[in-house]
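Q: give me coordinates for this.
(one chain, ligands or ions: 1)
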Amino acid sequence: MSQLGILEAGSRHDLHVGISPDAPDEGEIGKEGSGVFGYAHSYETSSRYDGPGLRVVLFVSGCLLRCTYCHNPDTWHLKDGTYVSAEHVIDRLASFAPALRSLDGGLTISGGEPMVQLDFTRRIFGGAKQLGLHTAIETSGFLGDRADDDYLSKIDLILLDIKSSNPETYRAVTGRDLAPTLRFAERLAEMGKPVWVRFTLVPGRTDDPANVDGIARFVAPMKNVEWVEIQPFHQLGAFKWKAMNLDYKEADTVSCPPELAQRVRDQFLAAGCRAR
Ligand code: SF4
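A: As a prediction, the model looks like this:
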C-alpha cells in the first residue's frame, strides 16, 4: 500500500518520479480500486487555457499511450504519482471554488489519462459538481469505452486529443490504435456533449496535409465540437525524457513554425471547423 501523501500545487512542467514505488501498474485497468484513493501528479490553480474561464487543472497519473512527443512522461506510471484521497483533492478544490465560479471557470482533469483511474476521477468530478463548478476532462479517448453515462454526466466539456486521422500514423506516434478515439468522438457527437478537439502539430510527424484533412473532415459535421485547437509542438518536456533515461525520438524535431500552424488552421477552417 502506497503512503498517503499531500498533493502540492505546481506546474505540469515539474518533474515527479518514483514517489509511490509500490503502486500498481497503470496497465492493470479495472484493478485500481473504488477510487477513494488515487495517484496524482500535481495541480495548477490559474490556467486560462484548459477550458472556459479560470481553471484549476489536476494532472493525474497513468497513461497507456506512449506519444513520441509527450511533454509529461512522468505522468505515464501510477508509481510516479502522489497517493492521495479524492476527499483531500476535493477539499483543496473547495478553497478555490468561489474564485472559479466568479470567473466562469472550473475544474479540468488532465494527465496522463484521467480514465485510467476512472473511479478516482469520477469521485473528484462528482465533488466538483457539488461545489457548483464547471468540469472538463482532457483525454485521448483511447479508454472512452470505459466512460459510462454516469461518468460523462459529471463532465461538462471534453477536451479530446485526436492525434492523427491515419491509423498508421496514430500507431507510430502513440503506440496504440486510433479506432477507440474515433468511436468515443462519435458517441459524444450522438450525445451532443460539448467537445473541444485538440490536435498536436508535430513537424514531420503529424503535419501531413492528408492527415490534417482526415481529422478536419471527420470533425466538421459534428455539431457538438465547439473548437478545434491546434497545439504546436515544443520542446519544454525534453528534459523529462532525459532525466528519466527514456529514448526521446523528437530530440531533433523543430518547434512548430507559425506558418505551419497557420496552414493547418486554414485547413480546419476550410473544412468548416471553428479552429484556433
Ligand atoms: S496521451 Fe498525453 S500523457 Fe499520454 S503519452 Fe500521449 S501526450 Fe503523454
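Q: list the buried ones in stretch 147-158?
A: Ala147, Tyr151, Leu152, Lys154, Ile155, Asp156, Leu157, Ile158 (16 or more other C-beta atoms under 10 Å). C-beta coordinates here come from the backbone N, C-alpha and C atoms, glycine included.
Q: ignore the last one, stretch 269-276
A: Ala271, Cys273, Ala275.
Q: save the residues you listed as TSV, and put in distance to Tyr248 and pLDDT too.
A: As requested, the buried residues of stretch 269-276 are exported to TSV (distance: C-beta to C-beta, whole Å; pLDDT from 0 to 100):
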residue	distance to Tyr248	pLDDT
Ala271	33	98
Cys273	31	98
Ala275	29	98
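Q: which ones among those map onto strands?
A: Among those, no residue falls in strands (DSSP state E).
Q: in helices only, show me the buried residues of stretch 147-158.
A: Tyr151, Leu152 (DSSP state H).
Q: list just the nearest of the buried residues of stretch 147-158 to the ligand.
A: Distance ranking of these against the ligand, using C-beta to the nearest ligand atom, places Ile158 first at 14.1 Å.
Q: for that closest one, give me its contacts.
A: Ala136, Ile137, Thr139, Leu188, Lys193, Pro194, Val195, Trp196 (C-beta atoms under 8 Å, 6 or more residues apart in numbering).
Q: can you tell me how far the residue nearest to the last one when sequence neighbours are not counted is from Ile155?
A: Closest residue to Trp196 apart from its sequence neighbours, by C-beta to C-beta, 6 or more residues apart in numbering: Trp227 at 4.5 Å. Separation of Trp227 from Ile155 (C-beta to C-beta, to the nearest Å): 16 Å.
Q: same question, Val89
A: 16 Å.
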